[in-house]
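Student: with the input below, show me the fold.
(chains A and B)
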Amino acid sequence: MQRRSLLTASLLLPLGARVVSAAPAAEPVTTALVEAAKKEGKVTYYTAMDLSVAEPMAKAFEARYPGIKVAVERSGAERVFNRIGQEMASKIHRVDVVNSSDAAHFISWKREGWLAPYLSDEMARDLPAEMVDPDGLFCNQRTHLSTIAYNTKLIAPADAPKGFADLLDPKYAGKMVKGHPGYSGTIMTATQQISRELGWPYFEKLAKQKVLQVQSATEPPKRLEAGERAVAVDGSDYLFWLAKERGAPVELVFAVEGTPQISNPMGIFKSSPNPSAARLMVSWIMSGEGQSFIVNLSGQYPANKQVKVKPGRPALAQIKTFKEDPVAVEKQADQIKAQYAKYFKV
Amino acid sequence: MTLRAFDVSRPVLALVVALLAVMIVLPMGWLLIYAFASKDGQPTLDNFVTLFTDPSFVDPLLATLLLSVSVSGLCCLIAAPMGWLVARTDMPLARTVRTLVMASLVTPPFVGAVAWEMLAAPNSGLLNQLWRLVTGAPADEALFDIYTMEGLIFAIACYTFPYVFILVANALDRMPGELEDASSMLGAGLWATARRITIPLALPTLLAGALVAFLQALNQFGSPAILAIPAGFHTLTTKIWSLFQFPPKPELAAATSLPLLLLTVALLRTQASILGRRGYAVLGAKYGAPRLIRLGAWRWPAVALAMVVLAMPLFLPYAALINTAFSRVSSQILSPETFTLHNVVFTFWQLSSTMPALKNTFLLATATATLGGVLALLIAYIVARQAMVGHRLLAFLATSPLAIPGIVLGVGLFLAYTRPPLTLYGTLWILLIAFITVEMPAAYQQLGSAFHSVHPELEEAGRMLGASRLRTLMDITAPLLRSAAIATWCFVFVGVIRELSAAVILFTSETKVLSVLIFDLKESGDVGAIAVLSLTMVVLTTVVIIIANRIGGPREARVPTRVGA
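Tutor: Next up, the predicted model:
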């Protein structure tokens, strides 16, 4: 549970046995690829990443390769998954590159045979093996956490919760905001980890604390900053950090029990209408340049080993995190949603 | 007189009926089939067993009924005195109050709900902050909590009471003053006259208004999605929507849609029968202008009361939206130090969905207003001049969408057009069909009444003087209908821009419209961009309405009334 550096290895290993892997040959980013991408002129990027990061990243890519427009389609990862399912069933082929905060989705898409393999030579060189699908169908774009946080104007540090168990204290009743696993991949992944570590009775009790229920994991940080609730049960850590760095009264809590960790795989759809632009975009996002852009802007944890963690943020290895288990999430997702809806009523 | 010289009548009738079938009959047919089918397509009643026994369905059903009854009651409580004040008293600024109530209808209800979050979220809400500032109450005490059933009732009533108000005020305008005069001449006091004459005469209208409000609340999707889910409960419409999340359960969504549909049909029939009887007491009288009651010292308090009521749907929400649009954090009060264009820049220069959504919205609004307008004009003409056999069927089909809540239509269209032979899902066509269907009743009724105001004698005169039928239409009928047609076009246009409940089921990433984009941004809590887009939407809508009123001439401005937004 503590072995952070190998965590993603255990994450991706079960997805395809290494022995029978058919990793694609690494391709250089050639002028031919760039020209073909420019000819396509656009690329559609489905993601669950907060717009404040996704849109500037798209603009940076557009600036790097003028002539290619990025359409960012942001929604909660569970809704992205649903939308892609509906679109594929109706033979609507729009998605080029997809990035989800629920790694289990890639197990499902891989099984359906919807993903196209791609590996740039820079990716082959700079991505640790555990960050890449053995068949090269997807790779981890970045890693983030779902942390507890509190508003320092509304709660003194001494009164702040130390972990999940503290949140059941009656003094926090009516003071918490929380994302929903039916919409957010971050919260789905976190819910699986918390229910495994603390058991479902934990959620049953938490549901009695009059929690303000929002949808995306990107919303609790905004509600906390606005002072709508004093404590966020969950939410994307990078947004809490960004608010704090902006001077907002926000403080993160790394729960004593452990903090849910979320990888964010990215892949290209086989049916992509802009396959060259899609490859170019993936290669750029995973390159030192793209990864640095994400890290500098948001401070999420990079997958590329050439890129260092943002100064001022704790290294992943220093934080006690829960083990991520996409295989279990994939199996339990429907049951998690049903169980959650039973306790939280929505 | 029946004009039999209409050779093309059969093909035209066939075409119009076919179009209406594609729009209404097919989707509703699939809805029925799905509601009575199991997951693998076997006939079953299991969906209804689930619907009426599973608490996760029964609770939303009960919540919806409670919500609708309460909204209806609250709307009558507000609208009846307001209507009376503007129609029957010498309250100053009565015309302004009327105009402002109409103006509050321009706000899409889901935008109003978001604005009320900014105002009355228990901690960050501006009104609650103000209350704590004034009273010195502790940080976690709130005057209002919008994330409750009461909050939702309030937010929906804000944008529903205008419908009741318009009905009541218009009825009171038309009420003959003689009856009240007679009553007072016979010695009845003010109160006795009100109790025995005014209230009984106004009661049927108020009842009809109560039903309109009930229907609005029943079929509303946007406001519950924004306020009820954080509060931890579902209504029927949000439940139907959630059944489209993964793994989608279309059979259950269809089954859940049916009670909504049946209830709506039943209520509309009741309302029609009430309004149909309304005129009984005033038959045969030559009415004098209604006698205005002198308020005396109460004149200005009455104005103040009306303004307080108008603050709820209008002044406060727009203040909150403007505040959020130009602040970094929505809970901060705007000041020269906190003023920022960040949200505007983000919305128009960074958010890559903004321009495609604006483009789709304009394309669809223009196409719906034009094609839907032509179709409504054709039907209205055929029905008004009884130009062919089957005109009654046409009139029925054209008004029937009134009974179909937007979200139910969305589900029906989704089921009908995600399969061959017409796989329209994922195209703008399916949204066009949805919008034309949704707007058809209002457009048809507006144009129908315009046709009734053009007496057939005028057309017959043209014909007798030797003009062809087409020439008569062009030279006589068309100019007389011009202003009505333009007004209808504009109001359909505006209606499409506001539509959310059908679009939210039918959109795909490439066919996103403005209302859906706003709704999507709500999911991630990007209220700054929401405020900018909502204000943009309302400004556009207002401009179109002003143009409509200019071109439409002296006709009373009409705001399309329809079910669910």
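
Student: for the closest residue to chain A within the stretch 351-500 of chain B, which non-adjacent residue is spatially closest?
Tutor: Among residues of the stretch 351-500 of chain B, the one nearest chain A by Cβ to the nearest Cβ turns out to be B:Gly426. It sits 3.8 Å away. For every residue, glycine as well, the C-beta is placed using N, CA and C. On the basis of Cβ to Cβ, 6 or more residues apart in numbering or on different chains, the spatially nearest residue to B:Gly426 that is not a chain neighbour turns out to be A:Ile92, at 3.8 Å.

Student: you'd agree the residue of the stretch 351-500 of chain B closest to chain A is up against A:Met88?
Tutor: No: checked against Cβ atoms under 8 Å, the pair B:Gly426 and A:Met88 is beyond contact range at 10.7 Å.

Student: and these two? which has more neighbours close in?
Tutor: Neighbours per residue, other Cβ atoms under 10 Å in any protein chain shown: of B:Gly426 and A:Met88, the larger number sits with B:Gly426, 22 against 16.

Student: and that one, which of the three is it?
Tutor: Local secondary structure at B:Gly426 is given as coil here, using DSSP: H, G, I helix; E, B strand; the rest coil.

Student: could you report the pLDDT at it?
Tutor: On pLDDT, B:Gly426 comes in at 90.

Student: ok, it to A:Glu289 distance?
Tutor: In this view, B:Gly426 and A:Glu289 are 35 Å apart by Cβ to Cβ, to the nearest Å.

Student: check A:Gly174 too.
Tutor: In this view, A:Gly174 and A:Glu289 are 46 Å apart by Cβ to Cβ.

Student: what about the residue nearest the centre of chain A, distance to A:Gln300?
Tutor: Here the mean C-alpha position of chain A is nearest to the C-alpha of A:Ser101 (Cα atoms, centre = their mean), at a distance of 3.0 Å. Spatial separation of A:Ser101 from A:Gln300 under the definition Cβ to Cβ is 11 Å.

Student: joint contacts of those two?
Tutor: Common neighbours of A:Ser101 and A:Gln300 (criterion: Cβ atoms under 8 Å, 6 or more residues apart in numbering or on different chains): A:His144, A:Asn264.

Student: quick check: buried residues in the worst-scoring helix or strand of chain B on mean pLDDT?
Tutor: Evaluated with mean pLDDT, DSSP states H and E, the helix-and-strand set of chain B has its lowest mean pLDDT in helix B:469-472, which scores a mean of 77. Buried positions in helix B:469-472, judged by neighbour count with 16 or more other Cβ atoms under 10 Å in any protein chain shown: B:Thr472.

Student: helices or strands up against it?
Tutor: helix B:456-464 (3 or more Cβ pairs under 8 Å, 6 or more residues apart in numbering or on different chains; DSSP states H and E).

Student: list the buried residues in the helix it packs on.
Tutor: Neighbour-count burial for helix B:456-464, with 16+ other Cβ under 10 Å as criterion, is recorded at B:Pro456, B:Glu459, B:Gly462, B:Arg463.

Student: what do you get for stretch B:108-116?
Tutor: Using 16+ other Cβ under 10 Å as the test for burial, stretch B:108-116 gives B:Pro108, B:Pro109, B:Phe110, B:Val111, B:Gly112, B:Ala113, B:Val114, B:Ala115, B:Trp116.

Student: for it, what is the distance to the chain centroid?
Tutor: The chain centroid and the centroid of stretch B:108-116 are separated by 14 Å, computed with Cα atoms, centre = their mean, to the nearest Å.

Student: what do you get for stretch B:380-395?
Tutor: Worked out by Cα atoms, centre = their mean, stretch B:380-395 lies 26 Å from the chain centre.

Student: cool, and stretch A:319-333?
Tutor: Put simply, stretch A:319-333 sits 13 Å off its chain's centre (Cα atoms, centre = their mean).

Student: where does the prediction get shaky in chain B?
Tutor: The model of chain B has pLDDT under 70 over residues B:1-9, B:276-290, B:387, B:552-565.

Student: look through it and state the residue closest to chain A.
Tutor: When distances are taken as Cβ to the nearest Cβ, chain B approaches chain A most closely through B:Gly525, which lies 3.4 Å from it.

Student: pretty sure that residue is in a strand, no?
Tutor: No: B:Gly525 sits outside any strand when classified using three-state DSSP, being coil.

Student: burial count for it?
Tutor: A count of nearby residues for B:Gly525, using other Cβ under 10 Å, gives 25.

Student: B:Ala398 too?
Tutor: With neighbours defined by other Cβ under 10 Å, the count for B:Ala398 comes to 28.

Student: separation between it and B:Leu378?
Tutor: From B:Ala398 over to B:Leu378 the distance is 10 Å, taken as Cβ to Cβ.

Student: same check on B:Thr423?
Tutor: Counting by Cβ to Cβ, the gap between B:Thr423 and B:Leu378 amounts to 28 Å.

Student: point me to the residue of chain A nearest chain B.
Tutor: For chain A, the residue positioned closest to chain B under Cβ to the nearest Cβ is A:Glu219, at a distance of 3.4 Å.

Student: for the residue nearest to that residue when sequence neighbours are not counted, grab phi and psi.
Tutor: In space, A:Glu219 comes closest to B:Gly525 once its chain neighbours are excluded; the distance is 3.4 Å by Cβ to Cβ, 6+ apart. Here is the backbone geometry of B:Gly525 (degrees, to the nearest 10): phi 70, psi 30.

Student: burial of A:Pro157, as a residue count?
Tutor: Summarising burial for A:Pro157: neighbours were counted as other Cβ under 10 Å, giving 9.

Student: and the closest residue to it other than its chain neighbours, how far from A:Gly76?
Tutor: The spatially closest residue to A:Pro157, leaving aside those adjacent along the chain, is A:Glu251, at 7.0 Å (Cβ to Cβ, 6+ apart). Using Cβ to Cβ, one obtains 25 Å as the distance from A:Glu251 to A:Gly76.

Student: who has more neighbours out of these two?
Tutor: Set side by side, A:Glu251 and A:Gly76 give different neighbour counts by other Cβ under 10 Å, the larger being at A:Gly76 (31 against 17).

Student: show me what contacts the closest residue to the more buried one other than its chain neighbours?
Tutor: Nearest-residue entry for A:Gly76: A:Tyr183, 3.7 Å, with adjacent residues in sequence omitted and distances by Cβ to Cβ, 6+ apart. Applying Cβ under 8 Å, 6+ apart to A:Tyr183 gives the contacts A:Gly76, A:Glu78, A:Arg79, A:Gln215, A:Ser216, B:Gln245, B:Glu523.

Student: mind putting these in CSV, distance to A:Ala37 and secondary structure included?
Tutor: Formatted as CSV, the contacts of A:Tyr183 follow (distance: Cβ to Cβ, whole Å; DSSP: H, G, I helix; E, B strand; the rest coil):
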residue, distance to A:Ala37, secondary structure
A:Gly76, 29, coil
A:Glu78, 30, helix
A:Arg79, 28, helix
A:Gln215, 34, coil
A:Ser216, 30, coil
B:Gln245, 34, coil
B:Glu523, 31, helix
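
Student: of all those, the one with the weakest confidence?
Tutor: Per-residue confidence across those is lowest for B:Gln245, with 84 (pLDDT).

Student: correct me, but that residue touches A:Arg79?
Tutor: Yes: B:Gln245 is within contact range of A:Arg79, at 6.9 Å (criterion: Cβ under 8 Å).

Student: who's more crowded, the two?
Tutor: Using other Cβ under 10 Å, the more surrounded residue of B:Gln245 and A:Arg79 is A:Arg79, with 22 against 16.
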